[in-house]
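Provided below for reference: sequence and predicted model.
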Amino acid sequence: MPLPDRRDPPYCGSMRTSLDPEALCPGSSAPSGEPSPTSYVNPILDEDFPDPAVIHAPDGYYYAYGTQTLRDGQWINVQVARSADLIHWKVLGDALPEKPVWARTTQDFWAPSVIFDGSTYFLYYSATPDICERHERGHSLAVAASEYYLGRQIHNVLDVGCGEGAWRKPLQALRRGVDYLGLDGSEYAVARYGRTRNIRLATFGQLGELRFDTPFDLIVCSDVLHYVPTAELKRGLRGIAEMLDGVAFLELFTSQDAPAGDKHGFIPRSPKWYRSAFAQAGLIACGTHCYVGPRLKGCVAALESI
């Protein structure tokens, strides 16, 4: 049964391998049928093989897929192992030997999952897209812009739509001791990372009603707004303006941009539409995705505002 030769980026890709296909998928020789042992000793696979996902293929073998690893000086993007009894495993190689076009320069592939629909195998996986290299520059930019207008170092940050808190570590590296609070609408992200990364459950629209003890020196909302429905977006923007003491870094794409990566759910609004929505909320553009709120309105010179 051949592996499919097609791709559906960004998070669904077909499984292809540089190995003999018979070693990775059904069609290879079946297990010997010998009885499995009644006991075993852990670890049954003494390898760096995180986040394993296991399927039982029609050929009788079990196939396990794991997060990337570095083996013999070479990166394995999605690991593969095979077993006839779930106890004795043979490591096969890479199920994703060629990186997707949207993650060519990064090396961060994790949590694979495989689905067989009766004729085709589909490989799902998580990966850091190339656009995140831009985000690294954004961390420094956001901090510098906020401190420029505040005239001091930032003390606290609100990260809206933070996901798993990707901005937390870089921000704390730039400003040790900065108070980070993340908000996200994903129950999974909050359940898994809420305590360790200070992430709470909230949607963007709920910013219209949510208030905290103190305003924020920096509010970050990166790669989120172009997915948010209009009514919810406007409610949340008003909340950001009211809670903002320094700069809001609102990175987004408009209908005139050509973003790479996941476009599912992307709402193609015009630049004019966003400028009007930000202005109505009380946010003043000061360049490169940065905005100040009403508290700093008098600190922005005429040529700084856009």
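Thanks, I have it.

Residue ranges of each domain in the protein, please.
7-127, 132-299 (automatic domain parsing).

Tell me which of those domains sits most buried.
Highest mean neighbour count among the domains of the chain (mean count of other Cβ atoms under 10 Å): domain 132-299, with a mean of 18. C-beta coordinates here come from the backbone N, C-alpha and C atoms, glycine included.

Distance to residue 305 and mean pLDDT added to the domains of the chain, as CSV?
Formatted as CSV, these follow (distance: least, Cβ to Cβ, whole Å; pLDDT from 0 to 100):
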stretch, distance to residue 305, mean pLDDT
domain 7-127, 34, 79
domain 132-299, 6, 92
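
Could I get the full set of helices for the stretch 151-300 of the chain?
For the stretch 151-300 of the chain, applying DSSP state H, counting those that start in this stretch gives helices covering 168-174, 187-197, 230-243, 271-281.

can you redo the ones you listed as TSV with distance to residue 204?
Shown next, in TSV, are the helices of the stretch 151-300 of the chain (distance: least, Cβ to Cβ, whole Å):
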stretch	distance to residue 204
helix 168-174	18
helix 187-197	14
helix 230-243	4
helix 271-281	12
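
ok, the helix or strand hosting residue 63: who's next to it in the sheet?
Assigned by DSSP states H and E, residue 63 belongs to strand 62-66. Here strand 62-66 has these sheet partners by DSSP bridges: strand 53-56 (antiparallel), strand 79-83 (antiparallel).

In JSON lines, list those along with distance to residue 177.
Below are these laid out as JSON lines (distance: least, Cβ to Cβ, whole Å):
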{"stretch": "strand 53-56", "distance to residue 177": "39"}
{"stretch": "strand 79-83", "distance to residue 177": "38"}
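
quick revisit: now the strand holding residue 63 - C-alpha only, PDB.
C-alpha atoms of strand 62-66 as PDB (Å, rounded to 0.1, in the frame of the first residue of the first chain):
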ATOM      1  CA  TYR A  62       2.700  -1.300  15.200                       C
ATOM      2  CA  TYR A  63       4.300   2.000  14.100                       C
ATOM      3  CA  ALA A  64       5.300   4.800  16.500                       C
ATOM      4  CA  TYR A  65       6.000   8.400  15.500                       C
ATOM      5  CA  GLY A  66       7.900  10.800  17.700                       C
END
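
my guess is residue 170 meets residue 139, correct?
Yes - judged on Cβ atoms under 8 Å, residue 170 makes contact with residue 139 at a distance of 4.3 Å.

rewinding a little: which one, of the strands paired with strand 62-66, ends up nearest to residue 104?
When those are compared by Cβ to Cβ, strand 79-83 sits nearest residue 104, at 19.9 Å.

Can I get that closest one in PDB, CA atoms only?
C-alpha atoms of strand 79-83 as PDB (Å, rounded to 0.1, in the frame of the first residue of the first chain):
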ATOM      1  CA  GLN A  79      11.000   9.700  14.200                       C
ATOM      2  CA  VAL A  80       9.600   6.300  13.200                       C
ATOM      3  CA  ALA A  81       9.900   3.000  15.000                       C
ATOM      4  CA  ARG A  82       8.200  -0.400  14.300                       C
ATOM      5  CA  SER A  83       7.200  -3.300  16.500                       C
END
